[in-house]
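Trainee: Fold the following.
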Amino acid sequence: MKDVNNYNIEQIDNNFHITLIRSPIVSVSGSLSVSSIVPPLSIAYLSASLRSNGFSTTNIDAVGEGIGNISKVPQSAHMEYQGLSIEGILKRIHPSTKVLGVSCMFSLEWPFTRQIIKEIKRNFSDIKIIAGGEHVTALPEFVLSDCKEIDIIVLGEGEETIVDLATCLERERNVEEVNGIVYRSGGKFTRTAPRDRIKKIDDICWPAWDLVPINTYLDLKLSHGPYRGRAMPIFASRGCPYNCAFCSNAKMWHRSYIARSPIDVVNEIKHYIDKYKIKCIEFYDLTPIIKKSWIMEFCDLIIDNNLNFSWQISGGTRTEAIDEEVIVKVKKAGCQYLGFAPESGSPAVLKQIRKRLNLQRMVNLIKIAKKHKIATRTNFVIGFPNDTRLQIYQTLFFQMKLAFFGVLDSPIFEFTPYPGSEYFEFLLHKGVIPGLDDEYFESLGLNLQLKNKKSYCENVGTYELLIYRFMGMTVFYSIYYLFNPMKLLKFIKNLFWGNYSNSVFEQRIILNFKKRLLKLKYKNKS
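Mentor: Take a look at the predicted model:
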């Protein structure tokens, strides 16, 4: 692993410079969503790879550089954005830029990202614009036709592709020799040969955090799990070997799961502790724990090196490689919070969505984790296309039982057909998704709202699903606070004092209050 975080960012190549942009966060106006306010891993990784290959590079992190600006998305009735305005982004583009890369991970953000790209091209007509990320990887031909200002799409993993593209463009060669891209040619869209996944991922440079305002994120005290001090995101692996029908992983990463060596991950963590005074590590992997041998070696390295930090897996991991021996070991190595993603409490639904999970085994692991004082989380989804009321009731009842078993957080989400997933293709083919337009993309974020909601469940109505979500969350946390009354008192106290609380549920409510205050403060200043 090469660390390239000691680069002089003032070195600008006036002949061939590359600028990478992370667009502002887009969310529904008035929503509780703050989970996307995270350091920009994508452009940090890409710029590190470009720098290590000798390219002059700068990043524009529209979120971190404009965190106080929360404004209405132009031409949208329901959306707001947080970050630099389009004008602010244009002012940050260095005049020597020859290639500009834009990352679009979430389809909800596509309409506003498209507006940004169009304005960039209008003001910098000679710049080659490249787009990457999960959204454009899932819909490359659509993106090129919907935004003619984009010249090239990068599919999937980008570190090698962006370097090959930059080399090709700098030498004015034809891009057809670059694998893993889609571009226009003779009025048609051309896909080059697929690019193989990067096998030696220990050779990928660590993220270039010196090119983004990383301390802005660290000082905000944000975390995907309960806040336990300055928290840094990290990837210990890439991809997922499973094939869930609702997930877009297959388009972005295929089904290859490739893990870094435990020593490389520990060395990166040590670097963050030394340089950024990190207290907590957040694993952002799709499936963090696949092999028992990997997690045991990782924990042993932490223990042997006497590293003092906490770490947590918030998004959900698999259960097959975890047993009591693993739980004892991860606790000793500093793990404080362990998330699982059962998705449903109905065995029939798990079979339909191809989620290979043994619910009873997960319950047993939750009980063991509680015994060893590791907090746990479970994520559920209701409203899959074929869900019945009985299956949803099974999920709600199962979630209620988990409250008695000591689970700390248990959010319920409503099914959303993300581009790249098998369900998306199915619903698009059936006409349930009428077409790829701005209304559809905005609908991907509207499942928390009372108005303009969109459901894809054949058997249960839109507002009924909303009631079930509300019921599930209410019953779960009522049981939790009934058995932990002091936690409730602490939460109420923290709500008024603005401190962070025990669970992610409490943290999100407090952060939303802060977000609204931030918006009000910015408007008053303006």
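Trainee: domain ranges for the chain?
Mentor: The chain breaks down into these structural domains: 17-191, 223-483, 485-526 (assignment by automatic domain parsing).
Trainee: In CSV: these, plus mean pLDDT.
Mentor: Formatted as CSV, the entries for the domains of the chain read as follows, by pLDDT from 0 to 100:
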stretch, mean pLDDT
domain 17-191, 92
domain 223-483, 91
domain 485-526, 68
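Trainee: out of these, deepest packed?
Mentor: Here the criterion is mean neighbour count by mean count of other C-beta atoms under 10 Å, and of the domains of the chain the winner is domain 17-191, at a mean of 20. C-beta coordinates here come from the backbone N, C-alpha and C atoms, glycine included.
Trainee: can you give me how far that one is from the chain middle?
Mentor: Between the centre of domain 17-191 and the centre of its host chain there is 16 Å, according to C-alpha atoms, centre = their mean, to the nearest Å.
Trainee: what distance separates the start and the end of it?
Mentor: With C-alpha to C-alpha, to the nearest Å as the measure, domain 17-191 spans 26 Å from end to end.
Trainee: where does residue 374 sit relative to residue 17, distance-wise?
Mentor: Between residue 374 and residue 17 the computed distance is 47 Å (C-beta to C-beta, to the nearest Å).
Trainee: now swap in residue 260 and tell me
Mentor: The value you get for residue 260 to residue 17, if C-beta to C-beta is used, is 30 Å.
Trainee: What of residue 143?
Mentor: The spacing between residue 143 and residue 17, counted by C-beta to C-beta, is 24 Å.
Trainee: List the beta-bridge partners for the closest residue to residue 96 other than its chain neighbours.
Mentor: Across the structure, with C-beta to C-beta, 6 or more residues apart in numbering as the measure, the residue nearest residue 96 apart from its sequence neighbours is residue 17 (4.1 Å). Residue 17 has these beta-bridge partners by DSSP bridges: residue 56, residue 97.
Trainee: Report the contact partners of residue 17.
Mentor: 56, 57, 58, 94, 96, 97, 98, 99 (C-beta atoms under 8 Å, 6 or more residues apart in numbering).
Trainee: again, 7 Å this time
Mentor: Residues touching residue 17, when contacts are defined by C-beta atoms under 7 Å, 6 or more residues apart in numbering, comprise 56, 94, 96, 97, 98.
Trainee: Repeat that for residue 189.
Mentor: Residue 189 makes contacts with 141, 144, 182, as judged by C-beta under 7 Å, 6+ apart.
Trainee: thought the second one was touching residue 184?
Mentor: So the one you mean is residue 144. Yes. Between residue 144 and residue 184 a contact is recorded at 6.4 Å, counting by C-beta atoms under 7 Å.
Trainee: Kindly provide the distance from residue 49 to residue 144.
Mentor: Note on residue 49: its distance to residue 144, by C-beta to C-beta, is 24 Å.
Trainee: got the phi/psi numbers for residue 396?
Mentor: In this entry, residue 396 is assigned phi and psi values of phi -60, psi -40 (degrees, to the nearest 10).
Trainee: Then residue 375?
Mentor: Residue 375 has phi and psi values of phi -70, psi 150 when expressed as degrees, to the nearest 10.
Trainee: Over to residue 19?
Mentor: Comment: the main-chain dihedrals of residue 19 come out as phi -120, psi 130, following degrees, to the nearest 10.
Trainee: Sticking with residue 51, tell me its helix or strand.
Mentor: helix 41-52 (DSSP states H and E).
Trainee: contact partners of that helix?
Mentor: Around helix 41-52, the neighbours that count as contacts under C-beta under 7 Å, 6+ apart are 2, 4, 7, 18, 20, 22, 57, 59, 61, 101, 103, 105, 133, 158-159, 162-163, 166, 204-209, 211-212, 233, 284.
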